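Asks: let's see this in three dimensions:
(one chain, ligands or ions: 1)
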Amino acid sequence: MKVLSEPAIRRKSRPVRVGSVQVGGGAPLAVQSMTTTNTQDTAATVGQTKALMEAGCAIVRITAQTTTEAKNLGAIKTELRRQGLDIPLVADIHFNPSSAMEAAEHVEKVRVNPGNFADSKRFAQREYTEAEYQEELRRIAEAFTPLVEKCKRLGRAIRIGTNHGSLSDRIMNQYGDTPLGMVESAMEYLRVAESNGFQDVVFSMKASNPVVMLQVNRLLSDTLARHGTAYPLHLGVTEAGEGEDARIKSAMGIGVLLAEGIGDTIRVSLTEDPTKEVPVAKALAIWAHERWNRGMELPQPLHPFSFSRHPTRPTLYETLVIGGEEVVKVGLFEGDYPHPRMAGGKETPCEFVLGTVPERGLSPNQKFQIVQAEELLAAGRQQARDLEAANDKRPIILVWDARRFTQDNVQLLIEAAVQVGGLLVDGIGDAVVVRSTLPAQRVLQLTYNILQAARIRSVKAEYIACPGCGRTLFDLESTTQRIKAKTGHLKGVKIAVMGCIVNGPGEMADADFGYVGGSPGTVNLYVGKNMVERGVPTAESDERLIALIKTHDKWLDPS
Ligand code: SF4
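Replies: Predicted coordinates:
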């Protein structure tokens, strides 16, 4: 992929070298992924790194939980070099500054998590005096400075990688688990780096909720601009899960930011074989470069840093109320299907049929504002602004014209997630109609999945599942699928499936229930952030999870 020109819309970031790859400074978006092998297994990790590279990955991250694993990064690097594979590696560090120090000897970039680099997580609630807070900052500087100095000396980059749900107690008590808390947490580390004259920094702000992920990256970009710098940003929706839902969440979070010009390197995180992440990330990168090269401009979001629904008045459409506080409705266009409410002899979940009949109030200036476009995101933002300026409270029906997509593929998912999801996460849209040549059932399923990913309307259970890494204690993909099959009908319930207790509980974000690898062959079960059952044998784990859901009155028998 080649950047033909520097499009005006792309955020100008400073270039940071990660070995042979430049990140930021107008360089092509670098696609990343992460190995799931045991870091001490050199052959397996080299093999998976090679597979990721062949799939199109530019940078590979490897976990280094202890100094033993961190040391083995040296052997991995040597073996990759021996095979003629020059791919920059990133060590993923949690809780362990000495692993970071060892890893910096061997790899081109070290990722630290400000939530746990110098702090251990206790979920403690307490007040900090100003003097205590300053003492905590001094402690961070003491823990982080040796790594900064070493990276500076060896020419390594550092990723300051903050995750929603994985913030230090100090930040949680001061700011809560908010985008502002995430940004401040990262800025504390940046100040230490800069005070040591170190600027080879890349940031990441990840969340499993695409809405939070969008807001926090915009806030960081804005904060850095006010700080007078533009470090590159690595984008990703973490713990997105697997299958179409995970792809939509990633495409929504990453895609909308890229459309806004934000982002220098990306990872699509899936609870699947990591090589499956790469084609989705590559498709997003190609899509973004095409937009930038065409100089596609986009109006600013209405509410970049927080969610607020664009106010409209509830209005009757035939027998259905659209707008106001009503849930966002899903319809089909009457001309696209002979019988929109029926498909293949089965009733579709279509809630209304949009037509052009004037008495339905669909003509301009009547009861509804219809936004219909292929470039729906830009049109929707502009029209919502115009309506707000005119204090016009007509409900907005979003009609995304996707008829140019004849294939049900990742390109369709990306565009749908960005064009429709990008408006919903900004509070714009009271009803959604996707115009398509695909079967009606499929179009409706896709639309509902987008509403679910945008956290606008829950139509099924929500899963937060980590992608796995060298710490994973069970087969994440099959476990997630098994739990999904048993609990997928629990509308509105959020279930986390996490591979280990080291990071799992911290990164489950706002899950109602957690299924977390405790030790080989056992899991720990959580309600919110509290562990309620420890060491449950895997064979009993599904039933015990279901029993827990029942105890908390969230269970419904599948119909
Ligand atoms: S939660 Fe999952 S991805 Fe994160 S460290 Fe544990 S096993 Fe690895």
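Asks: do you know how far the nearest residue to residue 119 once chain neighbours are set aside is from residue 140?
Replies: Closest residue to residue 119 apart from its sequence neighbours, by C-beta to C-beta, 6 or more residues apart in numbering: residue 168 at 4.0 Å. All C-beta spots, glycine's among them, are computed from the backbone N, C-alpha and C. For residue 168, the distance to residue 140 equals 9 Å [C-beta to C-beta, to the nearest Å].
Asks: also residue 105?
Replies: Taking C-beta to C-beta, one finds residue 105 at 23 Å from residue 140.
Asks: repeat that for residue 497.
Replies: 32 Å.
Asks: those two: which is more packed in?
Replies: residue 497 (31 against 20; other C-beta atoms under 10 Å).
Asks: nearest residue to the more buried one in space, please, no chain neighbours.
Replies: residue 465 is the one closest to residue 497 (C-beta to C-beta, 6+ apart), at 4.3 Å.
Asks: what does residue 13 give?
Replies: residue 24 (3.7 Å).
Asks: so who does the one you found touch?
Replies: Residues in contact with residue 24 (C-beta atoms under 8 Å, 6 or more residues apart in numbering) are 13, 14, 15, 16, 202, 230, 231, 232, 264, 265.
Asks: most centrally placed residue in this protein?
Replies: The centre of the chain sits closest to residue 237, judged by C-alpha atoms, centre = their mean, with a distance of 1.3 Å.
Asks: that residue contacts residue 269, correct?
Replies: Yes - judged on C-beta atoms under 8 Å, residue 237 makes contact with residue 269 at a distance of 6.5 Å.
Asks: can you list contacts of the helix or strand containing residue 191?
Replies: Assigned by DSSP states H and E, residue 191 belongs to helix 179-195. With contacts defined as C-beta under 8 Å, 6+ apart, helix 179-195 is touched by 112, 114-115, 117, 137, 140-141, 144-145, 148, 158, 160, 162-164, 167-168, 171-172, 174-175, 199, 201, 203, 205, 207, 212, 215-216, 219-220, 223, 227, 231, 305-306.
Asks: try 6 Å this time
Replies: 114, 140-141, 144, 148, 160, 162, 167, 171, 175, 201, 203, 205, 215-216, 219-220, 223 (C-beta atoms under 6 Å, 6 or more residues apart in numbering).
Asks: and that helix, average pLDDT?
Replies: For helix 179-195, the mean per-residue pLDDT is 96.
Asks: next: stretch 91-102.
Replies: On average, stretch 91-102 scores 95.
Asks: now do the buried residues in it.
Replies: Under the neighbour-count criterion of 16 or more other C-beta atoms under 10 Å, stretch 91-102 has 91, 92, 93, 94, 95, 96, 97, 99, 100, 101, 102 buried.
Asks: and for stretch 479-496?
Replies: Buried-residue list, stretch 479-496, by 16+ other C-beta under 10 Å: 479, 480, 481, 483, 484, 487, 490, 493, 494, 495, 496.
Asks: next, count neighbours for residue 40.
Replies: Residue 40: 16 neighbours (other C-beta under 10 Å).
Asks: tell me the average confidence for stretch 106-113?
Replies: Averaged over stretch 106-113, pLDDT sits at 97.
Asks: span of it from start to end?
Replies: 19 Å (C-alpha to C-alpha, to the nearest Å).
Asks: just say helix, strand or coil for the residue lying closest to the residue nearest to the centre of the chain once chain neighbours are set aside.
Replies: The shortest distance from residue 237 to any non-neighbouring residue, by C-beta to C-beta, 6+ apart, is to residue 253 (4.1 Å). Recorded secondary structure, residue 253: helix (DSSP: H, G, I helix; E, B strand; the rest coil).
Asks: run through the stretch 401-550 of the chain and note the low-pLDDT ranges.
Replies: Applying pLDDT under 70 to the stretch 401-550 of the chain flags no residue at all.
Asks: quick one: the strands in it, in order.
Replies: Ranges of strands in the stretch 401-550 of the chain, per DSSP state E, counting those that start in this stretch, are 431-435, 462-465, 494-498, 513-519, 522-527, 530-537.
Asks: equivalent analysis for the stretch 201-350 of the chain, please.
Replies: Going by DSSP E, counting those that start in this stretch, the stretch 201-350 of the chain shows strands at 201-206, 233-235, 265-266, 315-317, 320-322, 329-333, 342-343, 346-347.
Asks: buried residues of the longest one, list them for me.
Replies: Taking 16+ other C-beta under 10 Å as the neighbour-count basis, strand 201-206 is seen to contain the buried residues 201, 202, 203, 204, 205, 206.
Asks: how much space separates residue 481 from residue 246?
Replies: 12 Å.
Asks: do residue 484 as well
Replies: Counting by C-beta to C-beta, the gap from residue 484 to residue 246 is 11 Å.
Asks: then residue 328?
Replies: Counting by C-beta to C-beta, the gap from residue 328 to residue 246 is 21 Å.
Asks: re the thing from before, for the strands of the stretch 401-550 of the chain, which one sits closest to residue 397?
Replies: Smallest distance to residue 397 across these (C-beta to C-beta): 4.6 Å, for strand 431-435.
Asks: show me what the helix ranked longest in the chain is packed against.
Replies: In the chain, with assignment by DSSP state H, the single longest helix is helix 130-154. Here helix 130-154 touches helix 179-195, going by 3 or more C-beta pairs under 6 Å, 6 or more residues apart in numbering; DSSP states H and E.
Asks: and the helix it packs on, C-alpha only, in PDB?
Replies: Extracted in PDB, the C-alpha atoms of helix 179-195 (Å, rounded to 0.1, in the frame of the first residue of the first chain):
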ATOM      1  CA  PRO A 179     -12.100   8.700  28.900                       C
ATOM      2  CA  LEU A 180     -10.700  11.600  30.900                       C
ATOM      3  CA  GLY A 181      -9.200   9.200  33.400                       C
ATOM      4  CA  MET A 182      -7.700   7.100  30.600                       C
ATOM      5  CA  VAL A 183      -6.100  10.100  29.000                       C
ATOM      6  CA  GLU A 184      -4.700  11.500  32.300                       C
ATOM      7  CA  SER A 185      -3.300   8.100  33.100                       C
ATOM      8  CA  ALA A 186      -1.400   8.100  29.800                       C
ATOM      9  CA  MET A 187      -0.300  11.700  30.200                       C
ATOM     10  CA  GLU A 188       1.300  10.900  33.600                       C
ATOM     11  CA  TYR A 189       3.600   8.500  31.800                       C
ATOM     12  CA  LEU A 190       4.200  10.900  28.900                       C
ATOM     13  CA  ARG A 191       5.400  13.600  31.300                       C
ATOM     14  CA  VAL A 192       8.000  11.200  32.700                       C
ATOM     15  CA  ALA A 193       9.200  10.200  29.200                       C
ATOM     16  CA  GLU A 194       9.400  13.800  28.100                       C
ATOM     17  CA  SER A 195      11.200  14.900  31.300                       C
END
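Asks: renumber starting at 16 from here on
Replies: Will do, 16 is the new start, and the previous item becomes helix 194-210.
Asks: give me the angle between it and strand 216-221.
Replies: Angle, helix 194-210 to strand 216-221, by axes from the mean of the first three to the mean of the last three C-alpha atoms, to 10 degrees: 170 degrees.
Asks: helix 194-210: which residues count as buried?
Replies: Under 16+ other C-beta under 10 Å, the buried positions of helix 194-210 are 194-205, 207-208.
Asks: over to stretch 444-464?
Replies: Buried-residue list, stretch 444-464, by 16+ other C-beta under 10 Å: 444-451, 453, 455, 458-464.
Asks: off-centre distance for it?
Replies: Using C-alpha atoms, centre = their mean, to the nearest Å, the mean C-alpha position of stretch 444-464 is found 22 Å from that of the whole chain.
Asks: between its first and last residues, how far does it reach?
Replies: Per C-alpha to C-alpha, stretch 444-464 runs 15 Å from first to last residue.
Asks: what's the neighbour count on residue 179?
Replies: 24.
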